[in-house]
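Colleague: When you get a sec, could you give me coordinates for this:
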Amino acid sequence: MHAKRRFGQNFLVKSQYCDRIAASVRPKADETILEIGPGHGALTELLVESGAQVVAIEVDHDLILPLTSSFATRQNFRLIEADALKVDFCQVIAPAATARVVANLPYNISTPILQRLIEHRRCITEMTLMLQREVVERITATPGGKEYGYLSVLVQFYCEAEHLFDVPPSAFRPVPKVVSSIVRLKLRPEPAAQVGEEALFVELTKTLFAQRRKTIHNNLRAGWTRLGLSSADQIKPALAAAELDPQRRAETLTIAELARLTNTIMACRQNFQDSAG
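Modeller: This is a model prediction of the structure:
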């Protein structure tokens, strides 16, 4: 079992944790499961045995032949050699319209893959992911804590997040230096709050958390051009209209407050356009 550093590989080898993950997913014979990073197939075997249609994405060319050989007789298994950071998830699960995702994500690229999965929410209904425990703590954090940040807002805006259980370093080969956690993310039918422009909500959140020690007013002044405002002078009126104290910090803002500020900024932009026209 030769792990490759460039792929951030840590293979799950303790069968009891594979069993717990599979039991958490509860795959059904009439659904499609998308597995990212099957590795040596320890968890894949359990998913295939359920009768579900399993589509596995593996980037390591050296694992393709062993995986193909292991599941050669399984009609409900399909292996795709691809980079999960580039693949169109909705395309690879076809002809299925939707799928649930199961993945042991490499620590070094877990956040960008998670963001891409959320971007494909039109065809992904649920994700059961193994991530570094620190990342799961950020995902599930609530306003006011030091873990609460951009990733917390992004995930909770689109998903219902549940920390299921931890997996110790000893369950992997090679043994990582961190504890892992399993998190379940259920994609919401609609975002957690109503906003007129989701892209602006995401950009606003990035701007507000750009420098955590600064106030929301100062972060907005530093990034007002990213929000499409005509000038930094629009910031104070926008905060006032959203009933937000300019001296607050981003980690204290709820998703509802961020949505309110998003819609207020949209109104400010529209008012400027109307007056300019």
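Colleague: C-alpha from now on. contacts and neighbour counts both.
Modeller: Will do.
Colleague: From T264, how far out is L79?
Modeller: 47 Å (Cα to Cα, to the nearest Å).
Colleague: More neighbours: which of the two?
Modeller: T264 (21 against 17; other Cα atoms under 10 Å).
Colleague: That one should be in a helix, yeah?
Modeller: Yes. Membership of T264 in a helix is supported by DSSP: H, G, I helix; E, B strand; the rest coil.
Colleague: per-residue pLDDT, the residue nearest the centre of the chain?
Modeller: In the chain, the centroid-proximal residue (Cα atoms, centre = their mean) is L114; its distance is 2.9 Å. pLDDT for L114: 94.
Colleague: what helices or strands is the helix or strand it falls within leaning on?
Modeller: For L114, the host element (DSSP states H and E) is helix 110-119. Where contact means 3 or more Cα pairs under 8 Å, 6 or more residues apart in numbering; DSSP states H and E, helix 110-119 is packed against strand 124-132.
Colleague: what angle sits between the strand it packs on and helix 110-119?
Modeller: Strand 124-132 and helix 110-119 are oriented at 170 degrees to each other (axes from the mean of the first three to the mean of the last three Cα atoms, to 10 degrees).
Colleague: what comes into contact with whichever helix or strand comes after strand 124-132?
Modeller: As assigned by DSSP H and E, the chain's next helix or strand after strand 124-132 is helix 133-139. With Cα atoms under 8 Å, 6 or more residues apart in numbering as the contact definition, helix 133-139 has outside contacts at 147-149, 151-153, 155-156, 161, 163, 166, 178-183.
Colleague: 10 Å instead, please
Modeller: Here helix 133-139 makes contact (Cα atoms under 10 Å, 6 or more residues apart in numbering) with 107, 110-111, 129-131, 141, 145-156, 161-168, 178-185.
Colleague: How about stretch 14-21?
Modeller: With Cα under 10 Å, 6+ apart as the test, stretch 14-21 has contacts from 12, 22-26, 42-47, 102-103, 128-130, 164-168, 170-173, 182-183.
Colleague: For ChimeraX, what selects the buried ones among the residues you listed?
Modeller: To isolate the buried members of the contacts of stretch 14-21 in ChimeraX, using 16 or more other Cα atoms under 10 Å:
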select :12,22,25,42,43,44,45,46,47,102,103,128,129,130,164,165,166,167,171,172,173,182,183
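Colleague: quick one: contacts for F201?
Modeller: Taking Cα under 10 Å, 6+ apart, one finds 153-154, 157, 195, 207, 227, 255, 258-263, 265-266 in contact with F201.
Colleague: And those, which of them are buried?
Modeller: Neighbour-count burial (16+ other Cα under 10 Å) applied to those gives 153-154, 157, 195, 207, 227, 255, 258-263, 265-266.
Colleague: nearest to C123, of the residues you listed?
Modeller: The shortest gap between C123 and any of those belongs to F157, at 17.2 Å (Cα to Cα).
Colleague: for the stretch 1-150 of the chain, what spans make up the strands?
Modeller: Ranges of strands in the stretch 1-150 of the chain, per DSSP state E, counting those that start in this stretch, are 11-12, 32-36, 53-58, 77-81, 99-104, 124-132.
Colleague: Let's have the ones you listed in CSV, adding distance to R248 and mean pLDDT.
Modeller: Compiled in CSV, the strands of the stretch 1-150 of the chain are given as follows (distance: least, Cα to Cα, whole Å; pLDDT from 0 to 100):
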stretch, distance to R248, mean pLDDT
strand 11-12, 43, 70
strand 32-36, 39, 97
strand 53-58, 43, 96
strand 77-81, 47, 97
strand 99-104, 37, 95
strand 124-132, 30, 96
